Structure formats: C-alpha cells, structure tokens
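> dropping a prediction and its sequence here:
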Amino acid sequence: MTNITEVELVVVGAGVAGCTAAIYAKRYGVDVVILDKGVPGGQLMTVSSMENYPGFPEGISGMELAQRVHQQVENHGIEIVQEEVTAISRHDESRWLVQTGDGEWLAVAVIIATGVFPRSLNVPGEKELRGRGVSYCATCDGFLYRGETVAVVGGGNSAVEEAMYLADICEKVYLTHRRDRLRADPHIGQQVIERENVELLWNTVVQEIVGEEEVQQLRLRNAGTEEEWLLPVSGVFVAIGTIAHTDWLEELVELDSGFITTDMSMRTNQPGIFAAGDIRDTVIRQVTTAVGDATIAAYSAYQYIAKHRGEAYGEYAGPEQNQ
Ligand SMILES: Cc1cc2nc3c(=O)[nH]c(=O)nc-3n(C[C@H](O)[C@H](O)[C@H](O)COP(=O)(O)OP(=O)(O)OC[C@H]3O[C@@H](n4cnc5c(N)ncnc54)[C@H](O)[C@@H]3O)c2cc1C
C-alpha cells in the first residue's frame, strides 16, 4: 500500500531557496517538510568560492554555506526527506497530492524550488564518458585530476570559476571558449587570464570528447578557420550554463522557456503552488535572489495556509514581521 503523509507545506528542493523557505515557514508555525532527490545543498555544493554574498567579506565556499544552511534547517526541527518528486496534482479542493518514487504527500501548499542543472554539450563521447573524465562540477571532481591536464568548456562566470579552482589543483588548465572574449564578470575574467597555468583557447568549439575507457583527448575546431585538432587532456569540465528540468510540471503550472512563471508574491497560476529560486522565470539567478524569493514564497504560502485553517487572511503576520 502506498504510504501517504499529510503536511501543511511541502517544499520541493533542499537548495538554498528550499531551505530558506522551509525555515521561514516553520517560524510562521507551519508544518513543513522538504523533499530532495539528492544531497541537500543543490548547486551551492559546486561553488568553490562566493565573494558576493553579503556578510562574508573574505568570501565563503558554497559547501560551507550549504552546511550552515542545512544546520539551520536541522536546528528548526525540519525534516529533509530524500525523495524525488515526480508529479504534483490536485487531490481535492484544498489539497495537493505530491508523488515521489517512494510515497505520496498531501499538502495544502507546495513551494517548488528545484533549481537548475548543468547544460550538456551534446557532442559525441560526452554521454559515454560521463563520470569517466567528463564532469560538470570542479569542486566535486577536481581532486581526481591533481597534477594533470584538464579542459574547462565555457566562457561565463561558472566556467571561469571552475578554471580558477582547477588551476590550484591541476598542472595545466585549458579554458576553451567559442567566442573571442569572456562573458564572465571583468573582475574574475581578468584573474583567470593572469593565471600562469591557465591557457585560453578562443574561438574554439568542442567537436568530440575522445577516449576508450576514460577521456584522453578533445577534438576541437577553430570557429574562424575551421581547422580541427586534438588536445590531450585527462578530464573535461563542462560549464556552458544551466537548464531547468520542468517537463514534469508542464501540465501543472505556467512555464516560460522552461522556467516557472510567478507573480511578485511567488504565486504560480495554481492556487497553493508557489515557486522560488533558480527555477523561477527571473532575470538573475544568485543566492541572494534565491533567498529573497524563498522568503516571499514562505510568507505567501503561510498566508494561504492560514486561510485554509480558517484564520483570518494575514491575521498573524508571523514572528519575522513583528520584529
Ligand atoms: C559554479 C557555480 C558558481 C556560482 N557562483 C555563485 C556566486 O558566486 N554567487 C551567487 O550568489 N550565486 C552563485 N551561483 C548560483 C547559486 O548557486 C544559485 O543561484 C543558487 O544556489 C540556487 O539555489 P536554488 O535553491 O534555487 O536551486 P539549487 O541549488 O539548484 O537546488 C535545487 C534542489 O532541488 C533538488 N531537486 C531538483 N528536482 C527535484 C525533484 N524533482 N524532486 C526533489 N528534489 C529536486 C535538487 O537536488 C537540488 O538540491 C553559482 C552557481 C554555480 C553552478
């Protein structure tokens, strides 16, 4: 028999947005659970160093920030359950049915904070050699290539950060970019250009990742001259942006280019369903915006739940509002 658990609020995703939303909701007195398909922390676990998050003048690693957030979730007595949400549907007039591979949850409100995932290059060899030299996270896998030669593909902030991180571990790092200039913030772009063991390969397109059991070479093409050559590397780190996996939400909420559309209160077009963080259709995806979204989403969800409980709408503004 399927296991059904009733709660007031299900938060989908234990990244910084989901955790923040759950902490705020809990402090409003809401019965909340977080469901995450993987390790709590989300993308933060892949961020080597963050220098733009307020309050940490020397910077902080994403992993440390994620651990601190996780600790805060635990301190609030909020449970994070490792389950992948596969569907959300109307159960009755006032509740949503949240389905996972392991069970079902009935909730008055749901906050979707499922973030984004690394975009694939979609070249021959990438899928076959994933985990055997093809990686999407330098902080997770970089140590495997200590003293070796690797390549990072991309030209934005993520690619530059990956290259900088790997430059501390590897003997040589190639940064291959299809354009003739970086898209990264000038401040960190300049830092990577100045690193002695990082070589930038401009106007360079990856055609194929070559290797038998493990990555051995990249087949590259110069976008201007069309010349092709082979670059020997032990690992390749793909950092060409992110994509939202929202196919399973298509029938549920309004999407724009795969991202969830919300109003300023983080409400979707479905009553009781809210969204926060990188999954939301927004202009910039950062930790600061994720926690801001989550704070609003939690307050909106709390108001929705209060109405469901029969409390006057917004009667209890919540502890944070009164401080
Ligand atoms: C390399 C890199 C460097 C960055 N540098 C910075 C920086 O310097 N400063 C900054 O502010 N931001 C930075 N960011 C961006 C920042 O990390 C993100 O904006 C932020 O972490 C997004 O948080 P989130 O909670 O919205 O999503 P995520 O962190 O993506 O979390 C989403 C969570 O949802 C879970 N999930 C997904 N689908 C399901 C499902 N169906 N069921 C259950 N769980 C699910 C995932 O497992 C994940 O744990 C960087 C990002 C990267 C990748």
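Nice, I can see it. Numbers count the residues shown, from 1 in each chain.
> is stretch 81-95 positioned near the ligand?
Yes. Contact between stretch 81-95 and the ligand is present through 84-85 (criterion: C-beta under 6 Å from any ligand atom). C-beta: built from backbone N, CA, C; applies to glycine.
> how about that stretch: buried residues?
By neighbour count on 16 or more other C-beta atoms under 10 Å, the buried set for stretch 81-95 is 83, 85, 88, 95.
> gap between G235 and V173?
In this structure, G235 and V173 are separated by 10 Å, where distance is defined by C-beta to C-beta, to the nearest Å.
> looking at these two, which one has more neighbours?
Under the criterion of other C-beta atoms under 10 Å, the comparison of G235 against V173 puts V173 first, with 30 against 24.
> next secondary structure after the strand or helix carrying the more buried one?
For V173, the host element (DSSP states H and E) is strand 172-176. Remark: after strand 172-176, the chain's next helix or strand is helix 186-194, criterion DSSP H and E.
> quick one: distance of that following helix to the chain centre.
Helix 186-194 sits 24 Å away from the centroid of its parent chain (C-alpha atoms, centre = their mean, to the nearest Å).
> over to stretch 294-314?
Computed by C-alpha atoms, centre = their mean, the separation of stretch 294-314 from the middle of its chain amounts to 26 Å.
> the ligand contacts on the chain?
If contacts are counted using C-beta under 6 Å from any ligand atom, the residues of the chain sitting beside the ligand are 12-18, 35-38, 42-44, 46-47, 50, 52-53, 84-85, 113-116, 158, 161, 277-278, 285-288, 290.
> out of the residues you listed, list just those in strands.
Under the assignment DSSP state E, the residues of the chain next to the ligand contribute 12, 35-36, 85 to strands.
> what residues sit buried inside stretch 289-300?
Neighbour count says stretch 289-300 has 289-300 buried, by 16+ other C-beta under 10 Å.
> between the residues you listed, which sits nearest the ligand?
A290 (4.1 Å; C-beta to the nearest ligand atom).
> any idea how far the ligand is from R119?
In this structure, R119 and the ligand are 11 Å apart, going by C-beta to the nearest ligand atom, to the nearest Å.
> quick one: pLDDT of that residue?
For R119, the pLDDT comes out at 93.
> can you get me a residue count around the closest residue to the ligand within the stretch 201-323 of the chain?
Ranked by C-beta to the nearest ligand atom, the top residue of the stretch 201-323 of the chain for proximity to the ligand is G277, at 2.3 Å. Applying other C-beta under 10 Å, we find 33 other residues in the vicinity of G277.
> and it, what does it touch?
G277 sits next to 13, 15-18, 113, 115, 285, 289-290, 293-294 when contact means C-beta atoms under 8 Å, 6 or more residues apart in numbering.
> find the nearest non-adjacent residue to it, please.
Take G277 and drop its neighbours on the chain: the residue closest to it by C-beta to C-beta, 6 or more residues apart in numbering is A17, 2.7 Å away.
> select from the residues of the chain next to the ligand every entry located in helices.
Secondary structure assignment (DSSP state H) places 16-18, 158, 161, 287-288, 290 from the residues of the chain next to the ligand within helices.
> so T295 touches A22, yeah?
No. Proximity of T295 to A22 does not meet the contact threshold set by C-beta atoms under 8 Å, at 11.4 Å.
> can you put the ones in strands among the residues of the chain next to the ligand in a markdown table and add pLDDT and distance to R178?
Compiled in a markdown table, these are given as follows (pLDDT from 0 to 100; distance: C-beta to C-beta, whole Å):
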| residue | pLDDT | distance to R178 |
| --- | --- | --- |
| V12 | 98 | 34 |
| L35 | 98 | 38 |
| D36 | 98 | 34 |
| V85 | 98 | 35 |
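> farthest pair within those residues?
Of all pairs drawn from those, the widest gap by C-beta to C-beta lies between D36 and V85 and measures 9.0 Å.
> shared neighbours, the two?
V12.
> now the strands for the stretch 101-250 of the chain?
Remark: strands assigned in the stretch 101-250 of the chain by DSSP state E, counting those that start in this stretch are 104-112, 117-118, 134-135, 149-153, 172-176, 198-201, 204-210, 217-222, 228-232, 235-238, 242-243.
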